[in-house]
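A.B. asks: test case, fold it:
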Amino acid sequence: MSTTPFPILPGRSLISLGERVALARRARQLSQRDLAFLAGVGASSIVALEKGHPGVALGTLARVLDALELLPEMDQLLPPQRDPALVQHAVRQLQPKQRQP
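C.D. replies: Numbering: from 1, shown residues only. The predicted structure follows:
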C-alpha cells in the first residue's frame, strides 16, 4: 500500500504551526507531558502536533490551544473579510440588479 506525500506548502504551514505551539508551551514552562495532561490528550499527540504531522486531529489542536489559554486564536482562522472569493461573492450579491431593456 503506497501513500502519497503530503503537499509541500500545507506541510510547511503545519510545521510552522507546530513550532509556534512548541514555543507557546515552552514560554509557559510546560513539558510536552504537562501539556498533554492539561489538554487531555496523549503525549504522542503533542509531539506529532509540534512536528507538524498532518494526521493530528483538529479537535486535538483545539484542546491544546485551550490548555495554553489560546483557544480564541482559532477564531482568527479564515476570517470572512479576508477571503477574496467570499468578498467578491458578497459584492456581486449586493450590487443592484441590471434591468433588461
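A.B. asks: packing partners for the helix or strand bottoming out on mean pLDDT in the chain?
C.D. replies: Of all the helices and strands that make up the chain, the one with the lowest confidence by mean pLDDT, DSSP states H and E is helix 84-94; it has a mean of 90. Judged by 3 or more C-beta pairs under 8 Å, 6 or more residues apart in numbering; DSSP states H and E, helix 84-94 is in contact with no other helix or strand. Quick note: C-beta positions are derived from backbone N, CA and C, even for glycine.
A.B. asks: mind checking how far it is from the chain centre?
C.D. replies: With C-alpha atoms, centre = their mean, to the nearest Å as the basis, helix 84-94 stands 25 Å off its chain's centre.
A.B. asks: what does stretch 68-79 give?
C.D. replies: 8 Å.
A.B. asks: dump it to PDB, keeping only the CA atoms.
C.D. replies: Provided in PDB are the C-alpha atoms of stretch 68-79 (Å, rounded to 0.1, in the frame of the first residue of the first chain):
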ATOM      1  CA  LEU A  68      -2.500  27.000  26.600                       C
ATOM      2  CA  GLU A  69      -5.300  29.600  27.100                       C
ATOM      3  CA  LEU A  70      -5.000  30.400  23.400                       C
ATOM      4  CA  LEU A  71      -8.300  29.000  22.100                       C
ATOM      5  CA  PRO A  72      -9.600  32.400  21.000                       C
ATOM      6  CA  GLU A  73      -6.800  32.400  18.400                       C
ATOM      7  CA  MET A  74      -8.800  29.800  16.500                       C
ATOM      8  CA  ASP A  75     -11.300  32.500  15.800                       C
ATOM      9  CA  GLN A  76      -8.700  34.200  13.700                       C
ATOM     10  CA  LEU A  77      -8.600  31.300  11.200                       C
ATOM     11  CA  LEU A  78     -10.500  32.000   8.000                       C
ATOM     12  CA  PRO A  79     -12.000  35.400   8.800                       C
END
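A.B. asks: what mean pLDDT would you report for it?
C.D. replies: Averaging pLDDT along stretch 68-79 yields 92.
A.B. asks: got the buried residues for the least confident helix or strand of the chain?
C.D. replies: With burial defined by 16 or more other C-beta atoms under 10 Å, not one residue of helix 84-94 is counted as buried.
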